[in-house]
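Trainee: predicted model and sequence follow; I will ask about them next.
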Amino acid sequence: MELQLQNLCKQYGRKCAVDNVNINLKPGLYGLLGANGAGKTTLMRMICGVLKPTSGSISLNGKAIEKLGEQYYAQLGYLPQDFGFYPDFTAREFMLYIAAVKGLDKKEAKTRTENLLHIVNLSHVADKKIKSYSGGMKQRLGIAQAVLNNPSILILDEPTAGLDPKERVRFRNLISDLSKERIVIFSTHIVSDVSYIADTILMMKQGRLLLQEPIDSVTNSIKGKVWEVLVSEQEVSEYGRRFSVVNLRHENNMVHLRIINETAPSIDAHTVEPSLEDLFLYHFGEEAHIERSNENEAVN
């Protein structure tokens, strides 16, 4: 199975939300990274057929999705960023309703519903109304409905936004389990959500695809550009003014700085192994600092 995006563009007036994206996707988990406004949601909505491209094409195994029609959509599972629930439905009622919308027969719908509610750890609250659920429980229900038709392509748009750290870990593990033998695209601006589970990293900025790399080699491009140095507290502001400081840690009246720079920021600095977060900050600069600050606030 291969999902092919060729010269894909989406224009809104003079603004180009997605700009000439070319990707060939095979089964695996793809982490789609980018700051808010990078074009991630627009790209995913085009893959799901919610939006039509201004130009370019989307094909599955060489056949345009427009020609495949229902054959394509039957293979698709989608969890949008703002997924709507019927608050007075129970989880079981909601799943059976979605099953009917997706055209599953009653016997299959009942079996799939029970199995999936068990997988997402909601069996014990299956007959409680959705309005009583926590954010994490609703997101798990969202995943369950997205895979109700056993899709071969699963699209998840910011699925961990607003979840507490424990729920995010549980959610990541669930997505990792579901990614076997499927194309899974997991969009986020929270780097840690994909660093542990993605097979491949896709990074978007201003509508363009910056990179498409396997997770084990994605940081190769910034090797030798990430430094750590121990400085006094009085020197911190000067280093912050001159360099891109991505992290700092206080220790015994001194400060460990982690810096991204083409050359050594001082004679005492030493290179360290780069992380996916370093790569994200390297490409996004101030945008990434803002997103990272928001992530830290959510975690804390």
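Mentor: Looks like it came in fine. No experiment lies behind these values; they were computed from the predicted model shown.
Trainee: return the helix or strand in this structure with minimum mean pLDDT.
Mentor: helix 286-299 (a mean of 46; mean pLDDT, DSSP states H and E).
Trainee: which helix or which strand is home to the residue most central in space within the chain?
Mentor: By C-alpha atoms, centre = their mean, the chain has its centre lying nearest to Ser187, at 2.4 Å. If you go by DSSP states H and E, Ser187 is part of strand 183-188.
Trainee: mean confidence for that strand?
Mentor: For strand 183-188, mean pLDDT is 91.
Trainee: what helices or strands is the next helix or strand after it leaning on?
Mentor: Sequence order places helix 192-195 as the next helix or strand after strand 183-188, per DSSP H and E. Applying 3 or more C-beta pairs under 8 Å, 6 or more residues apart in numbering; DSSP states H and E, one finds that helix 192-195 contacts strand 28-33, strand 183-188, helix 276-284. Bear in mind the C-beta positions are built from the backbone N, C-alpha and C, glycine included.
Trainee: wait, which of the ones you listed is closest to Cys48?
Mentor: strand 183-188 (9.9 Å; C-beta to C-beta).
Trainee: okay, the angle between the closest one and strand 28-33?
Mentor: With axes from the mean of the first three to the mean of the last three C-alpha atoms, to 10 degrees defining the directions, strand 183-188 sits at 20 degrees from strand 28-33.
Trainee: contacts for strand 183-188 next, please.
Mentor: 1, 3, 25-34, 40-41, 44, 47, 152-161, 175, 178, 193-194, 197-198, 202 (C-beta atoms under 8 Å, 6 or more residues apart in numbering).
Trainee: neighbouring strands - and their directions - for it?
Mentor: strand 28-33 (parallel), strand 153-157 (parallel) (DSSP bridges).
Trainee: picking up where we left off before, ok, of the contacts of strand 183-188, which come out buried?
Mentor: 3, 25, 27-34, 40-41, 44, 47, 152-161, 175, 178, 193-194, 197-198, 202 (16 or more other C-beta atoms under 10 Å).
Trainee: thinking again about what came up before, in TSV, list the strands paired with strand 183-188 along with mean pLDDT and distance to Leu116.
Mentor: Converted to TSV, the strands paired with strand 183-188 look like this (pLDDT from 0 to 100; distance: least, C-beta to C-beta, whole Å):
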stretch	mean pLDDT	distance to Leu116
strand 28-33	93	19
strand 153-157	92	13
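Trainee: out of those strands, which gets nearest to Leu276?
Mentor: strand 28-33 (8.1 Å).
Trainee: hmm, who's touching that closest one?
Mentor: So strand 28-33 is contacted by 40, 43-44, 175-176, 179, 183-189, 191, 193-195, 197-204, 215, 280 (C-beta under 8 Å, 6+ apart).
Trainee: helix or strand next in line after that strand, which one?
Mentor: Strand 28-33 is succeeded, C-terminally, by helix 40-47 (DSSP H and E).
Trainee: quickly list the domain ranges of the protein.
Mentor: According to automatic domain parsing, the chain comprises the domains 3-214, 221-299.
Trainee: ok, now which ones touch the residue nearest to Met95 when sequence neighbours are not counted?
Mentor: Once flanking residues are discounted, Met95 sits nearest to Thr113: 4.2 Å by C-beta to C-beta, 6 or more residues apart in numbering. The contact partners of Thr113, taken as C-beta under 8 Å, 6+ apart, are 92, 95-96, 99, 148.
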